[in-house]
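> Fold the stuff below for me.
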Amino acid sequence: MQHESDIQKKEDRDFLNDPDAEDIFAKLDYALKDGVHIQGLLTQSSLFRFINKHYGGLKLYYQKFYGVNLEKGGEDVTSYYYLDFSPQSRGNIHPNHRYFMQNEYVIIGFLLYKIIYIDMNIELNSVKKLQKIIRQDYEDLKPGIYRTLAKVQRDRPNPMDDEKVDKIIIDALQEFNKIAWITLVDDHFEVLSSFQRINRIYMDYINNLDSWLLQN
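Numbers count the residues shown, from 1 in each chain. Predicted coordinates for the structure are as follows:
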């Protein structure tokens, strides 16, 4: 008779014995280490099924061998998976595959979340319209936005103007597309359920964004 611990150990390494592991695991591993959020997208369907099937074993694998947590967000059709790198440590993952988002992109993420989910501009899906909204609809916050974006670029301080901020917005959206927070094709973007993670991490900042920006 198998002990419960033996059964658990078998379940924890079952993902290595999955017939699809040879084709899928390396792709999944690189994607997670590069900061990609895995969810029910058509382009991620095989990775999502694999991680959904072997979540317990994969979670233990990343904890044991890399010192990072494989986490799940959302529920049912909105669920997604990601590696949760702590602010203090990126674990034992090689520097070439240790994701870290630039601060100016995080600020754009705050603004995008506020515009869509707090100010209820839920149909926003145009890059140009997003740039225009930040320039024209937030005149009271604009000085704080520009000061903050200039301040967080510590290694390359640069006074902000509309053109430079427009470029940061585009770069940020391209980064969000890379890690599957949004999909982006030319001027059109769609926010994915995984974008909610920014609110999970920075809820206090986002909920007090107006006062925080005015203080900067």
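> The protein - how does it break down into domains?
As recorded under automatic domain parsing, the domains making up the chain are 4-97, 103-215.
> Mean pLDDT and mean neighbour count added to those domains, as JSON lines?
To be clear about C-beta, it is placed using only N, CA and C from the backbone, and glycine gets the same treatment. Below are these laid out as JSON lines (pLDDT from 0 to 100; neighbours: other CB atoms under 10 Å):
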{"stretch": "domain 4-97", "mean pLDDT": "83", "mean neighbour count": "15"}
{"stretch": "domain 103-215", "mean pLDDT": "93", "mean neighbour count": "16"}
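> I'd like to know how far Tyr66 sits from Ile118.
Between Tyr66 and Ile118 the computed distance is 35 Å (CB to CB, to the nearest Å).
> now swap in Asp14 and tell me
Noted for Asp14: a distance of 42 Å to Ile118, by CB to CB.
> Quick one: classify Tyr82 as helix, strand or coil.
Taking DSSP: H, G, I helix; E, B strand; the rest coil as the rule, one finds Tyr82 in the strand state.
> my guess is it contacts Leu32, does it?
Yes. Judged on CB atoms under 8 Å, Tyr82 makes contact with Leu32 at a distance of 6.9 Å.
> any shared contact partners between those two?
By CB atoms under 8 Å, 6 or more residues apart in numbering, Tyr82 and Leu32 have these common neighbours: 38, 70.
> need the strands for the chain, in chain order.
Per DSSP state E, the chain carries strands over the ranges 38-39, 69-73, 80-84, 182-185, 188-191.
> Could I get the ones you listed in CSV, plus columns for distance to Ile133?
Formatted as CSV, the strands of the chain follow (distance: least, CB to CB, whole Å):
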stretch, distance to Ile133
strand 38-39, 26
strand 69-73, 27
strand 80-84, 26
strand 182-185, 16
strand 188-191, 13
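> wait, which of the ones you listed is closest to Asp23?
Ranking the strands of the chain by proximity to Asp23 (CB to CB) places strand 38-39 first, at 15.5 Å.
> mind listing what the closest one pairs with, with the direction of each?
strand 80-84 (antiparallel) (DSSP bridges).
> Run the angle between the strand it pairs with and strand 69-73 for me.
With axes from the mean of the first three to the mean of the last three CA atoms, to 10 degrees defining the directions, strand 80-84 sits at 150 degrees from strand 69-73.
> Could you export strand 80-84 as CSV, CA atoms only?
Written as CSV, here are the backbone C-alpha positions of strand 80-84 (Å, rounded to 0.1, in the frame of the first residue of the first chain):
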residue,chain,number,x,y,z
TYR,A,80,-3.9,32.9,-15.5
TYR,A,81,-0.6,31.7,-14.2
TYR,A,82,2.7,33.5,-13.6
LEU,A,83,5.9,33.4,-11.6
ASP,A,84,5.8,35.7,-8.7
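> what comes into contact with that strand?
If you take CB under 8 Å, 6+ apart as the criterion, strand 80-84 is touched by 32-33, 35-39, 48, 51-52, 55, 62, 68-74, 99, 180, 192-194, 197.
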